[in-house]
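> dropping the sequence and predicted coords here.
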Amino acid sequence: MKQLWAPWRLEYIQSADEQEGCVFCRAQELGDEEGLVVHRGQRAFVVLNKYPYASGHLMVAPARHVGALGELEEDEALEIHRLAATAVDLLTSSMGAQGFNLGWNLGRIAGAGVVDHVHQHLVPRWAGDTNFMPVLADVKVMPEALEATRRKLAEAWP
Ligand SMILES: [Zn+2]
């Protein structure tokens, strides 16, 4: 059986503990480029994952710092859904993604690197991509790749 949904990398889970504050709240305070923010909605936003499993791996989170899925308000939940749907369309049209894994990692045991600000992962898939490690092997190229991806998606956002 192939593993389709890999949780956060252990390295990231460890580094998340060392960071001060919440990465999702901090991303919103930074500029789009520095924060890797693709799109800011009314009550939710789209941000690239700094430790992606695939090119275009992004996350949709409420603007509000909220740690329980059930505490999302109606318009937050709806906007997260709409933003994810738009991201699926964009990753399909601009990057040729052939499929997607969308998921919420709730709790550290489920692989959540950030446990107190809920967020939905969106990982684009391509045929033959079951091993993401080549993508991650050279971490030095990632910052440039991330910014290029962020700009591409941000500019294409309707
Ligand atoms: Zn937060």
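Yep, that arrived.
> please count neighbours and contacts with C-alpha atoms only from this point.
Fine.
> how about the longest helix seen in the chain, which residues are buried there?
Counting by DSSP state H, the longest helix found in the chain is helix 74-95. For helix 74-95, burial by neighbour count (16 or more other CA atoms under 10 Å) applies to 76-77, 79-81, 83-84, 87-88, 90-92, 95.
> tell me the confidence at the residue nearest to A112 when sequence neighbours are not counted?
The spatial neighbour of A112 that comes closest, neighbours along the chain excluded (CA to CA, 6 or more residues apart in numbering), is N105 at 4.9 Å. Turning to N105, the model gives it a pLDDT of 87.
> same question, the one 3 residues further on
In the predicted model, R108 carries a pLDDT score of 82.
> does H119 really touch A63, like I thought?
No. In this structure, H119 is not within contact of A63 by CA atoms under 8 Å, at 10.0 Å.
> which of the buried residues of helix 74-95 are close to the ion?
Subset of the buried residues of helix 74-95 in contact with the ion: empty, counting by CA under 5 Å from the ion.
> give me the pLDDT for D129.
At D129, the predicted lDDT confidence score is 68.
> nearest to the ion, of the buried residues of helix 74-95?
E76 (14.2 Å; CA to the ion).
> can you name the next helix or strand after the one helix or strand in the chain whose mean pLDDT sits lowest?
For the chain, the helix or strand with the lowest mean confidence is helix 133-137, at a mean of 45 (criterion: mean pLDDT, DSSP states H and E). Sequence-wise, the next helix or strand downstream of helix 133-137 (DSSP states H and E) is helix 142-156.
> near the ion, which residues of this structure?
Within the chain, the positions lying close to the ion (CA under 5 Å from the ion) are 22, 24-25, 65, 117.
> mind putting those in a markdown table, secondary structure included?
Output for the residues of the chain next to the ion, formatted as a markdown table (DSSP: H, G, I helix; E, B strand; the rest coil):
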| residue | secondary structure |
| --- | --- |
| C22 | coil |
| F24 | helix |
| C25 | helix |
| H65 | coil |
| H117 | coil |
